[in-house]
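In: What shape does this take:
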Amino acid sequence: MLETTNTTALDPRLYVDPASLDREQEAIFARTWQLGGHASQVAEPGRFMTVQTGRESALVIRGEDGELRAFRNVCRHRAARLREGSGDCGKALRCPYHGWTYRTDGRLIGVPEGRGFPGLDKSALGLMPASVELFHGLVFVNLDPDAAPLAPTLTGLGEKLAPYGIERLEPFGDFATSSQPANWKIVADNYLEGYHVPIAHPSLMRLLDYQNYTVEVGDGYVFFEAPLRKKPSGNRLERAYQKFVRPMDGLTDADRDVWRYVYLWPNTTIDLYPDQVTTWQINPKSIDATHDVWACYRSGAPSTAMRAIQRLNHRLNVDVADEDAELVARVQAGMATTGWTPGPLGEREAAVAWFASHVREALGERA
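Out: Got it, this is the predicted structure:
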């Protein structure tokens, strides 16, 4: 477990210097586990998904033999991206540029006008492998084919996720993307603390018992619990959610009254609500913007009432996300202030210190 006793936030140049993105691509995004999606998306042979890994892309495919494999999403001929999004490639992947064709196990099997490539060794030109792992129904990819397993870094998290049965849940709504006007690390810092909630999120203060908002810092993850208030909110929509929300199959009545949040190093969140589970991947788009990927999951065949509650949950969280977007934009602007150095971090910002420790370790930075 990383030490988080240092209470200093990251050096501001890591948020404003474009060169830091190049360092992070190699030191962080090329070496860490990135969320791809839900196992149901690649359940059958031929099904694939693409996964953003920093500025690169990976491809996850269920092979004809039933094995799940990952590759860098690039043709070995002239570097064309092989696929976008998700879907079914059948028994082979055919490059849309020149038609080079690969089996679902990555082997190159077809080259148009092959006689024009004297001495071509197809066995040496298979897709570039990456690592893939399933964790409680979620697909993760690491560009490093020899990456250390993900699960050992998440000790204890499996037991916390188990009641939600994420592997049994079904996606609903569109897989959405958005952008925030700040460096990805500022967006992460904002997610990782509730210290700003009383000032910036009036709806959360009405909904959540802030005094009992807790954080548990692990090795590869941070786990938050935010109990819902018993007192009905003065806001009509919030009051309706409090009154009518019901736990999904597998959860207890106690789970009805708490929102839980998980942050996985380096850029994945899993939000655990009584009525649904939401994932979010925070990707760097530029030094001062993110490219975010969202997905929502719920129990199959929800009742009309449950669907209404899920829509209400989404409405409430969109409002909070809009508030956060304004906050991170303010921080991004302030980071460029000449002579500014970060102030101390308080107890409610322990997870910000955890994140800073991980970033420093990855980049070889001194505190």
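In: neighbours around Ala254, how many?
Out: With neighbours defined by other CB atoms under 10 Å, the count for Ala254 comes to 10. For glycine as for every other residue, the C-beta is placed from the backbone atoms N, C-alpha and C.
In: Repeat that for Gly116.
Out: Gly116 has 8 neighbours, counted by other CB under 10 Å.
In: cool, and Ser20?
Out: Neighbours of Ser20 (other CB under 10 Å): 22.
In: and the host helix or strand of it, what other elements does it pack with?
Out: Assigned by DSSP states H and E, Ser20 belongs to helix 19-24. Applying 3 or more CB pairs under 8 Å, 6 or more residues apart in numbering; DSSP states H and E, we find helix 19-24 packed against strand 277-286, helix 350-363.
In: could you check the angle strand 277-286 makes with the helix or strand that comes right after the shortest one?
Out: Read that as strand 277-286. Per DSSP H and E, strand 277-286 leads on to strand 289-298 as the next helix or strand towards the C-terminus. Counting by axes from the mean of the first three to the mean of the last three CA atoms, to 10 degrees, strand 289-298 points 170 degrees away from the direction of strand 277-286.
In: who does strand 289-298 pair up with?
Out: strand 170-178 (antiparallel), strand 277-286 (antiparallel) (DSSP bridges).
In: Mean neighbour count for these - can I get that in a markdown table?
Out: Listed next are the strands paired with strand 289-298 as a markdown table, based on neighbours: other CB atoms under 10 Å:
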| stretch | mean neighbour count |
| --- | --- |
| strand 170-178 | 13 |
| strand 277-286 | 20 |
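In: how about JSON lines for the ones you listed, with mean pLDDT and distance to Gly36 added?
Out: Formatted as JSON lines, the strands paired with strand 289-298 follow (pLDDT from 0 to 100; distance: least, CB to CB, whole Å):
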{"stretch": "strand 170-178", "mean pLDDT": "87", "distance to Gly36": "11"}
{"stretch": "strand 277-286", "mean pLDDT": "97", "distance to Gly36": "9"}
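In: would CSV of these with distance to Arg315 be doable?
Out: Converted to CSV, those look like this (distance: least, CB to CB, whole Å):
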stretch, distance to Arg315
strand 170-178, 13
strand 277-286, 13
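In: just to revisit the earlier point, pLDDT on the helix holding Ser20, on average?
Out: Taken as a whole, helix 19-24 carries a mean pLDDT of 95.
In: helices and strands around the helix or strand that it is followed by, which ones?
Out: Using DSSP H and E, the helix or strand that follows helix 19-24 towards the C-terminus is strand 34-38. Under the contact definition 3+ CB pairs under 8 Å, 6+ apart, strand 34-38 sits against strand 47-53, strand 56-62, strand 138-142, strand 277-286, strand 289-298.
In: and the direction of strand 34-38 versus that of strand 170-178, what angle?
Out: Using the same axes, to 10 degrees: strand 34-38 against strand 170-178 is 140 degrees.
In: you'd agree Phe135 is up against Leu150?
Out: Yes - with contact defined as CB atoms under 8 Å, Phe135 and Leu150 form a contacting pair (5.9 Å).
In: Next, count neighbours for the closest residue to Asn235 other than its chain neighbours.
Out: Nearest residue to Asn235 in three dimensions, chain neighbours excluded: Arg206, at 6.0 Å (CB to CB, 6 or more residues apart in numbering). Look at Arg206: counted by other CB under 10 Å, it has 16 neighbours.
In: Surely Arg206 is in a helix?
Out: Yes - using DSSP: H, G, I helix; E, B strand; the rest coil, the assignment for Arg206 is a helix.
In: a markdown table for the helices and strands packed on strand 34-38, including distance to Tyr195?
Out: Below are these laid out as a markdown table (distance: least, CB to CB, whole Å):
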| stretch | distance to Tyr195 |
| --- | --- |
| strand 47-53 | 30 |
| strand 56-62 | 34 |
| strand 138-142 | 28 |
| strand 277-286 | 19 |
| strand 289-298 | 21 |
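In: Out of the ones you listed, which gets nearest to Lys160?
Out: Closest to Lys160 of the helices and strands packed on strand 34-38, according to CB to CB: strand 277-286, at 12.2 Å.
In: Contacts made by the closest one with the rest, please.
Out: 18, 21, 24, 29, 34-35, 52, 54-55, 138, 164, 166, 169, 179, 183-184, 187-188, 191, 267-271, 290-298, 317 (CB atoms under 8 Å, 6 or more residues apart in numbering).
In: and the angle from that strand to strand 47-53?
Out: Going by the same axes, to 10 degrees, strand 277-286 makes 50 degrees with strand 47-53.
In: what about the longest helix in the protein?
Out: Assignment by DSSP state H gives helix 304-335 as the longest helix of the chain.
In: on that earlier part again, now the helices and strands packed on helix 19-24 in a markdown table, with distance to Leu10?
Out: Formatted as a markdown table, those follow (distance: least, CB to CB, whole Å):
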| stretch | distance to Leu10 |
| --- | --- |
| strand 277-286 | 14 |
| helix 350-363 | 5 |
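In: Run through the stretch 51-200 of the chain and note the low-pLDDT ranges.
Out: Residues of the stretch 51-200 of the chain meeting the criterion pLDDT under 70: none.
In: Please enumerate the strands of it.
Out: Remark: strands assigned in the stretch 51-200 of the chain by DSSP state E, counting those that start in this stretch are 56-62, 68-72, 86-88, 92-94, 101-103, 108-110, 129-135, 138-142, 170-178.
In: neighbouring strands for the first one, and are they parallel or not?
Out: This means strand 56-62. The strands beside strand 56-62 in its sheet (DSSP bridges) come out as strand 47-53 (antiparallel), strand 68-72 (antiparallel).
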